[in-house]
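[1] for reference, the sequence and a predicted model appear below.
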Amino acid sequence: MESSLKWAVAIGVLIFVAYLTTLSLSWFDYDTSLSADQFVFQQVLMAFVNGLLIAVIFFISAMAGEGLDRQAFPGHIRLWRSWSPTVGASREVMSHTVFGYLWALFMIGFITFFYWISNSVFGWWSPAESCGRPQRARSASALAFTLRAIPAGGILGRVPVPGGSLAGAVLVGKHFKRRGLWIGVVLVLQAAIFGSLHANYAQQPAYARIIEMLIPFAIYGLIYMKWGLLPVVISHFVYDIILMAMPLSFFPHRVSGYIAFSLSLRH
């Protein structure tokens, strides 16, 4: 509980700061019926509320997800102790960490292949290139928004799903003596739900994002059941930071410093 609370506070502060760094860009949406002071206060308040809301959701999700994980899979390495001096020096943690990085690279390759097939062969419409905003790369917001998504996306996206859902399926399945059935249904269902939650931009067909996520995130669930939360959280971290840092490619001279700073945070 203490570790979950510390991470929740850290992520809430990081998100608050990240939103503040976009204050200069928010003037493009300035409502002239408000005074300048009122507008700034509104933006700061929204940043605080967003940070607080994500921190609360993160705390509840992480605490519940790890609690269910401990009951359903007592042999898993505890996420918050993975890099403690005693546990972090083990071969298991090293292998899980390396596998997390390798799986992130596989995910990037899979997504690249998926969009190439879906766009060129099936004629699906996925305007992903419109998601980039070159103006953000000129300010600190490009760095801050990428960094705030690393722990938030990695842990908040991986601890409840697949962590909490599959651990819950194991416990419920044991109770009703249908463990395999419950795991099979929840394994597919959690991948479909996770894909639906990420379908927040225009695509045709509308179910394209669900299809895209179904296979890799079903495999994510199998990886979690085998090795626990550590490899899936790491792979999500690496996957997010690579894709979310892509807007910096508009300004190559800033990328080297960004990468060095990111790696220093990772290690």
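    Arrived safely, thanks for sending.
[2] what lies in contact with the helix or strand containing Ile223?
    Taking DSSP states H and E as the criterion, Ile223 maps to helix 208-227. For helix 208-227, the surrounding residues in contact (CB atoms under 8 Å, 6 or more residues apart in numbering) are 73, 76, 96, 99, 103, 107, 110-111, 114, 118, 124, 126, 158, 162-163, 166, 183, 187-188, 190-192, 194-196, 198-199, 203, 231-232, 235. No exception for glycine: its C-beta is placed from N, CA and C like everyone else's.
[3] can you point out the buried residues in that helix?
    Within helix 208-227, the residues that qualify as buried are 208-210, 212-214, 216-221, 223-225, 227, counting by 16 or more other CB atoms under 10 Å.
[4] likewise for stretch 230-241?
    Buried residues in stretch 230-241, defined by neighbour count with 16+ other CB under 10 Å: Leu230, Pro231, Val232, Val233, Ile234, Ser235, His236, Phe237, Val238, Tyr239, Asp240, Ile241.
[5] same list (those residues) but as CSV, adding distance to Thr21, secondary structure and pLDDT.
    Formatted as CSV, the buried residues of stretch 230-241 follow (distance: CB to CB, whole Å; DSSP: H, G, I helix; E, B strand; the rest coil; pLDDT from 0 to 100):
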residue, distance to Thr21, secondary structure, pLDDT
Leu230, 30, helix, 85
Pro231, 31, helix, 87
Val232, 29, helix, 86
Val233, 25, helix, 84
Ile234, 26, helix, 85
Ser235, 27, helix, 86
His236, 23, helix, 83
Phe237, 21, helix, 81
Val238, 23, helix, 84
Tyr239, 23, helix, 83
Asp240, 18, helix, 78
Ile241, 17, helix, 78
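[6] how about the residues you listed in JSON lines, adding distance to Leu53?
    Output for the buried residues of stretch 230-241, formatted as JSON lines (distance: CB to CB, whole Å):
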{"residue": "Leu230", "distance to Leu53": "27"}
{"residue": "Pro231", "distance to Leu53": "28"}
{"residue": "Val232", "distance to Leu53": "24"}
{"residue": "Val233", "distance to Leu53": "21"}
{"residue": "Ile234", "distance to Leu53": "25"}
{"residue": "Ser235", "distance to Leu53": "26"}
{"residue": "His236", "distance to Leu53": "21"}
{"residue": "Phe237", "distance to Leu53": "22"}
{"residue": "Val238", "distance to Leu53": "26"}
{"residue": "Tyr239", "distance to Leu53": "24"}
{"residue": "Asp240", "distance to Leu53": "20"}
{"residue": "Ile241", "distance to Leu53": "23"}
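[7] which one of the residues you listed sits closest to Ser26?
    Asp240 (23.6 Å; CB to CB).
[8] name the helices or strands packed onto the lengthiest helix in the chain?
    Counting by DSSP state H, the longest helix found in the chain is helix 36-72. Judged by 3 or more CB pairs under 8 Å, 6 or more residues apart in numbering; DSSP states H and E, helix 36-72 is in contact with helix 2-21, helix 141-158, helix 165-176, helix 229-244.
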